[in-house]
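Enquirer: Coordinates only, no sequence provided:
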């Protein structure tokens, strides 16, 4: 089994509070989890209202499938 890990840092210049940040991140998280069935969590900048780091994890026997999945996730977030 291969464990795939993807970390992304997001800058939210339009978020003016932690509440706005959480609202935006929850939309992203829900969309990605439903579409790709990966585990994800906010892993850094929890107290910063304009920055976030999200970690994605998946398991598969095929490295190419993991890379392809993470590329799709990145294009969906853009």
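Expert: Sure, I can see it. Everything numeric in this text was worked out from a predicted model, so none of it was measured.

Enquirer: In this protein, spot the helix with the most residues.
Expert: As assigned by DSSP state H, the longest helix anywhere in the chain is helix 18-36.

Enquirer: Next secondary structure after that one?
Expert: strand 39-44 (DSSP states H and E).

Enquirer: which residues are contacting the helix or strand that that following strand is followed by?
Expert: Next helix or strand after strand 39-44 toward the C-terminus (DSSP H and E): strand 51-60. Defining contact as CB atoms under 8 Å, 6 or more residues apart in numbering, one finds that strand 51-60 is touched by 1-12, 21, 25, 28-29, 32, 36, 38-45, 66, 69-70, 73. C-beta coordinates here come from the backbone N, C-alpha and C atoms, glycine included.

Enquirer: Just the buried ones among those, please.
Expert: Among the contacts of strand 51-60, those scoring as buried are 4, 6, 10, 21, 25, 28-29, 32, 38, 40, 42, 45, 66, 69-70, 73 (criterion: 16 or more other CB atoms under 10 Å).

Enquirer: Could you check stretch 17-25 and say which residues are buried?
Expert: Using 16+ other CB under 10 Å as the test for burial, stretch 17-25 gives 21, 25.

Enquirer: beta partners of the residue nearest the centre of the chain?
Expert: Nearest to the geometric centre of the chain sits residue 54, at 4.4 Å (CA atoms, centre = their mean). Beta-bridge pairing of residue 54 under DSSP bridges involves residue 8, residue 42.

Enquirer: measure it to residue 62 for me?
Expert: Using CB to CB, to the nearest Å, we find residue 54 at a distance of 23 Å from residue 62.

Enquirer: give me the low-pLDDT residue ranges for this protein?
Expert: Applying pLDDT under 70 to the chain picks out no residues at all.
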